[in-house]
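Student: Sequence unavailable; structure follows:
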Ligand SMILES: [Zn+2]
């Protein structure tokens, strides 16, 4: 892990904050979408675990929620990488991802150079 303990704690906190905000956002979106059909769902939704949340919105045709869920999964992935010590290591070249980049994008999987190459490859 290229980050020291203090930096890891800082990034982990960023991830948690973003995660919390996203979960709230998704719950609001789901409640709003569902309210039009099932008013009584708004209560139970609030107490569900995140995984159940994903199931709940799976059949919801809502682009915003789908995008938020994608980001939520990326955050879960980042959390898992922190837990197993692989966080902050570029998935392509194995080099350290700079802290400045991780602060801006805690879910980053690659260093800037590899990310640009990756995007170019997949756009083509
Ligand atoms: Zn790289």
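Tutor: Looks like it came in fine. As the structure is a prediction and not an experimental result, all values here were calculated from the model.

Student: What parts of the chain come near the ion?
Tutor: Within reach of the ion by C-beta under 5 Å from the ion, the chain has these residues: 90, 92, 93, 111, 114. All C-beta atoms are positioned from the backbone trio N, CA, C, and that covers glycine.

Student: Tell me where the model's unsure across this protein.
Tutor: Low-confidence segments of the chain (pLDDT under 70): 1, 36-61, 124.

Student: List the buried residues in the helix or strand residue 7 falls within.
Tutor: Secondary structure assignment for residue 7, by DSSP states H and E: helix 5-35. Buried residues in helix 5-35, counted by 16 or more other C-beta atoms under 10 Å: 8, 10-12, 14-15, 18-19, 22-23, 26-27, 29-30, 33-34.

Student: Please apply the same query to stretch 73-90.
Tutor: Neighbour count says stretch 73-90 has 74, 75, 76, 78, 79, 81, 82, 87, 88, 89, 90 buried, by 16+ other C-beta under 10 Å.

Student: how close does the nearest residue to the first one once chain neighbours are set aside sit to residue 33?
Tutor: I take that to be residue 74. Ranked by C-beta to C-beta, 6 or more residues apart in numbering and with sequence neighbours excluded, the top spatial neighbour of residue 74 is residue 107, at 4.0 Å. For residue 107, the distance to residue 33 equals 25 Å [C-beta to C-beta, to the nearest Å].
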